[in-house]
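Novice: Fold the following and give me the result.
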Amino acid sequence: MGKINYLSLLLLLAVSLLFFSCQDSTNSLDEQPPQLPPAESMNMDFSVFDEDTNATSANLTANNESYSHFFNAAIRAMAMKGVVNTNLAIPKTLLKAAENVEPELTDNGEWTWSYTSGANDNNFEIRLVATSGSDDLVNWQMYVTNSALNIENALFFEGEVTENGSAGNWTYYALFGDEAGSEVSQTTWSIESEEQVDLRLEVLTDRNGNIGDYIEYSFNSPVKQATYYNSGEDQTTEIEWNIETIEGYIIAPNYNNGDQACWNSNFQGIECS
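Specialist: You can find the predicted model right below:
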């Protein structure tokens, strides 16, 4: 299932890029700045499984067997959320802050957003740069400076995005330590609307023991799905849930004999249909 989703995402991105490459365009940003890429391109929402939501605080007991399917899904969803936050939380925050900044066009044809933004109790000086790319794409780079962390104009992430910001890819880099400047992770994404999102995150570094792991996330309202491949254990976990009814299922190799396990709108385990 995860492989199929990933192939679909790549096909959707390729079609988006082809569509824009076929449009009449001057491929120039001389007259006006490009649309900012959406911060949602760096976000996967697992909020239904958070401990402080109604779902997990509705007098449910983890030891109660009837709720075990939901709780097992929640444990794995929070593990996915941890991988996502480690890789994407700070860049997402810094990118979103650009929405309140007026860009300036430099003499060399670059649109630049310069501002200061805070993330994880650190203030970063940001320089977000957009330039014309090939096939009517926009090249984006974010550079950050933080004197306390001894970071000076370091490339944090970069990518290619369609002119309307509906599809693209990001590559993220380590900012400090022995791995400074090396690739940390990559994302490929497509956002047709707030209710139709596809996003794939792949970890490229072993600094947190996740090298080779990937998460494929999709939202086709009202259904969300997340597939997590654990490279170290060569295991794949799939979770799907309906944000309106909260019904869902989990398929995990080390749970329920690897068979699909479902729950209803009351979070109770049921037979899968």
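Novice: residues near A180, how many?
Specialist: 12 (other CB atoms under 10 Å). The C-beta positions use only the backbone N, C-alpha and C, and glycine is treated the same way.
Novice: The residue nearest to it when sequence neighbours are not counted: neighbouring residues, count only.
Specialist: Of all residues not flanking A180 in the chain, A174 sits nearest, at 5.3 Å (CB to CB, 6 or more residues apart in numbering). By the criterion of other CB under 10 Å, A174 has 18 neighbours.
Novice: so A174 makes contact with L204?
Specialist: No - applying CB atoms under 8 Å as the test, A174 and L204 come out as separate, 10.0 Å apart.
Novice: picking up where we left off before, distance-wise, check the residue nearest to A180 relative to E152.
Specialist: A174 is 15 Å from E152, where distance means CB to CB, to the nearest Å.
Novice: Check N108 too.
Specialist: 21 Å.
Novice: When those two are compared, which one has more neighbours?
Specialist: The residue with more neighbours, out of N108 and E152, is E152; 11 against 7, by other CB under 10 Å.
Novice: Check for me that that one belongs to a helix.
Specialist: No - per DSSP: H, G, I helix; E, B strand; the rest coil, E152 lies outside any helix segment and is strand.
Novice: list the contacts for it?
Specialist: E152 makes contact with T145 under the criterion CB atoms under 8 Å, 6 or more residues apart in numbering.
Novice: Report pLDDT for it.
Specialist: Per-residue pLDDT puts E152 at 96.
Novice: helix or strand right after the longest helix seen in the chain?
Specialist: When the chain is parsed with DSSP state H, its longest helix is helix 68-96. Per DSSP states H and E, helix 68-96 leads on to strand 104-105 as the next helix or strand towards the C-terminus.
Novice: roughly how far out does that next one sit from the chain middle?
Specialist: 28 Å (CA atoms, centre = their mean, to the nearest Å).
Novice: Make residue 1 into 507 and carry on from there
Specialist: Happy to do that; since the first residue is 507 now, the last one works out to strand 610-611.
Novice: host element of Y621?
Specialist: Per DSSP H and E: strand 617-625 holds Y621.
Novice: same check, this time on N716
Specialist: Here N716 is assigned to no helix or strand, by DSSP H and E.
Novice: Pretty sure it sits against M586.
Specialist: No - in this structure, N716 is not within contact of M586 by CB under 8 Å, at 10.9 Å.
Novice: circling back: OK, contacts around the residue nearest to A686?
Specialist: Per CB under 8 Å, 6+ apart, neighbours of A680: 686-688, 690, 711, 713.
Novice: now do 10 Å
Specialist: Neighbour list for A680: 660, 662, 686-691, 710-711, 713 [criterion: CB atoms under 10 Å, 6 or more residues apart in numbering].
Novice: what does I776 give?
Specialist: Per CB under 10 Å, 6+ apart, neighbours of I776: 572, 575, 753, 755, 767-770.
Novice: What separation do you get for it and Y678?
Specialist: 40 Å.
Novice: what about T651, neighbour count?
Specialist: T651 has 15 nearby residues by other CB under 10 Å.
Novice: how about the helix or strand hosting it: buried residues?
Specialist: For T651, the host element (DSSP H and E) is strand 643-652. Going by neighbour count (16 or more other CB atoms under 10 Å), the buried part of strand 643-652 is 643-646, 648-650.
Novice: what would the residues you listed look like in TSV with pLDDT and distance to S623?
Specialist: What follows is the buried residues of strand 643-652, written out as TSV (pLDDT from 0 to 100; distance: CB to CB, whole Å):
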residue	pLDDT	distance to S623
L643	96	25
V644	97	21
N645	97	21
W646	98	16
M648	98	10
Y649	98	13
V650	97	9
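Novice: which other helices and strands contact the helix or strand hosting E722?
Specialist: Per DSSP H and E: E722 is located in strand 720-726. In this structure, strand 720-726 packs against helix 508-527, helix 574-602, strand 689-699, strand 702-709, strand 729-736, strand 741-748, with contacts taken as 3 or more CB pairs under 10 Å, 6 or more residues apart in numbering; DSSP states H and E.
Novice: Before I go, just wanted to say thanks for your time.
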